[in-house]
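Chemist: A predicted structure for the sequence below; I have some questions about it.
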Amino acid sequence: MPGDVDPLAVTEVPEKQPAGENESVNWEHQYLSQIPFKVLRGHSDAVSCCHFCFNDNRILTSSHDKTIKLWDINYDASLITYEGGHSAPIVECALISNNKRFVTASWDKTVKCWDFETQKILWTAVCDGLVTCCDVSPDGKYITCGSDMENSAYILDAGSGKIIKKLKDHHKSTVTACRFDPDSQRVASVSSDKTIKLWDLVAQRTTLNIKSGHLSVISDCSFSKNGFYLCTASWDKKLLLWDIKTGMFRSCGAVALDHGHTGSISSCKFSHDSSFLVSGAYDKTLTLWDTEARCKKIVLKGHEDWVMDTAITTDKKWIASSSKDMTLRLWNTENLHYIPSVIESQKTVGLKIVMCKECGKPFSINQMEDLEIISRCVFCRFNDPLRNAIPSPPTF
């Protein structure tokens, strides 16, 4: 595709051309996957990260081939390739909220900010060691990244790339992922030292340090959009849900989601309404979880190597997965609730699907529960003014 394609023109779809040798797409429907999916090819090495952007009409991917690609999910091909910026594999990319810029993190010890339209690098931040992860605050003001040198986490200014804070020895081993909360006030970081930490940008200190829960490297973490839960993914093949808002985990422990993967889990993402969670793993599969019922919905198979990252559209109709097999896959989950295996799994754990009377979205309840009492999904109940009036517990 020409380099002057405007990525912002989401309503204009260029005339479709035959797919090139290295960029192709196939509609596939395998028995193992149970739902249709597209396969997008174009990277020449592992696809490390993926994000939906531009009203979910585009996908941004980064790769160990040192390039970033912008894909059109309707056109089924790569629109733009951003290259020449990094000298080592790119491990993660993240979107800045105005959809005009994005950042990339690389093992070449740098974080770079790119302009979507001009394809130019706006600034470069140099860290002391290999950069292992990155994220952008929802308000677009800050960037966080992790480094293997001194097990550090960094806070950067998103406008200039200036290092605002370096958290030296923040963990006892390499920081594997760091994520901003929905309020852009705290950064959750996880590490191969099996711990979880929350750094408060206002208080300028660590307000939460969880030292137990996972039995192996924690590879990823994700906040629910309402800020109530933090999910952590680990090589121990488990996902843990931590009630960060009320601190219930201190007395009750974390909620475990297990038996979904046979290999180490590499990524986790909440849907926009937090009603389900998707995880990717080294067993080449994705698993969709019902967060209301705390149960597995379906396992998606098809990748030929590790699943490195996942993403979900706002309307939950598409899931993207990037893999070490050099492909990006788009899974159509629009009719997920009608798949026989999903219905059967709901019945197995004693659940039924009902519609929330407030938001109109489907959610799961126990077959024995009274529908007249439980008529709203957990997320509408979370937004109840009476619940929000309860003060948060003090931090430790």
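Modeler: Sure, I can see it.
Chemist: Check the gap between Gly140 and His171 for me.
Modeler: 26 Å (C-beta to C-beta, to the nearest Å). Backbone N, C-alpha and C define where each C-beta goes, glycine included.
Chemist: That should have said Asp220, apologies.
Modeler: Relative to His171, and taking C-beta to C-beta, Asp220 is found at 15 Å.
Chemist: which non-adjacent residue is nearest Ile196?
Modeler: Computed as C-beta to C-beta, 6 or more residues apart in numbering, the closest residue to Ile196 that is not its neighbour in sequence is Ile210, at 4.2 Å.
Chemist: count of residues packed around that neighbour?
Modeler: Neighbourhood size, Ile210 [other C-beta atoms under 10 Å]: 21.
Chemist: I'd assumed Ser191 was in contact with it.
Modeler: No: using C-beta atoms under 8 Å, Ile210 makes no contact with Ser191, being 11.1 Å away.
Chemist: intersection of neighbour lists for the two?
Modeler: Lys197 (C-beta atoms under 8 Å, 6 or more residues apart in numbering).
Chemist: Alpha carbons of stretch 164-181, as PDB, please.
Modeler: Presented in PDB, the C-alpha positions along stretch 164-181 are these (Å, rounded to 0.1, in the frame of the first residue of the first chain):
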ATOM      1  CA  ILE A 164       9.500  11.900  35.200                       C
ATOM      2  CA  LYS A 165      10.300   9.100  37.600                       C
ATOM      3  CA  LYS A 166      12.500   6.000  37.700                       C
ATOM      4  CA  LEU A 167      11.500   3.400  40.200                       C
ATOM      5  CA  LYS A 168      14.800   1.700  40.700                       C
ATOM      6  CA  ASP A 169      14.600  -1.900  42.100                       C
ATOM      7  CA  HIS A 170      10.800  -1.600  42.100                       C
ATOM      8  CA  HIS A 171      10.700  -5.400  41.900                       C
ATOM      9  CA  LYS A 172      13.200  -8.100  42.700                       C
ATOM     10  CA  SER A 173      13.300  -9.400  39.200                       C
ATOM     11  CA  THR A 174      12.400  -8.200  35.700                       C
ATOM     12  CA  VAL A 175       9.200  -6.200  35.300                       C
ATOM     13  CA  THR A 176       7.100  -8.100  32.700                       C
ATOM     14  CA  ALA A 177       4.100  -5.800  32.400                       C
ATOM     15  CA  CYS A 178       2.900  -2.500  33.700                       C
ATOM     16  CA  ARG A 179      -0.600  -1.000  33.300                       C
ATOM     17  CA  PHE A 180      -2.400   2.300  34.200                       C
ATOM     18  CA  ASP A 181      -5.700   2.100  36.100                       C
END
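Chemist: I'm done for today, thanks for sticking with me.
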